[in-house]
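Chemist: here's a sequence, model it:
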Amino acid sequence: MILRVIGAGNEVLWEGRRSPGAGRFSTDRWPGDRLVADSYAVPPDVLAAAERVQVGVYRFGTDDLLAPHAGTPGSYLTIEVPTR
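Modeler: Sure, this is the predicted structure:
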């Protein structure tokens with residue numbers, strides 16, 4: 001899984017990568033019907049500069065993002081940060 005914090009200039013301010021469940025469920029072993037909670041400790045100064053957050057799941061052993069739905073290209077889920 002990958003979590004990216006994006007700034008106003010579309011730059012990646014911070015990025016965290018690991019298998020879900022604090023590394024216990026790589027995408028080659030993660031059951032598709034199982035929800036897994038995970039948390040990342042993003043530095044406060046990075047969060048203060050965030051314009052949006054992107055979340056994605058990539059194929060084990062590659063940087064290829066998995067598709068959120070069958071038949072669609074791999075992509076990030078993008079969450080816009082509310083205007084301060």
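Chemist: isn't there a helix covering V5?
Modeler: No - residue state for V5 (DSSP: H, G, I helix; E, B strand; the rest coil) corresponds to strand; a helix is not indicated.
Chemist: need the pLDDT of it.
Modeler: With respect to pLDDT, V5 scores 96.
Chemist: in the sheet, who's paired with it?
Modeler: The partner list for V5 in beta bridges (DSSP bridges) reads W14, V53.
Chemist: for it, list the residues it contacts.
Modeler: For V5, the contact set (C-beta atoms under 8 Å, 6 or more residues apart in numbering) comprises 12-15, 42, 46-47, 50, 53. All C-beta spots, glycine's among them, are computed from the backbone N, C-alpha and C.
Chemist: against T62, how distant is it?
Modeler: Distance from V5 to T62, counting by C-beta to C-beta, to the nearest Å: 22 Å.
Chemist: equivalent analysis for T78, please.
Modeler: Relative to T62, T78 is positioned 21 Å away (criterion: C-beta to C-beta).
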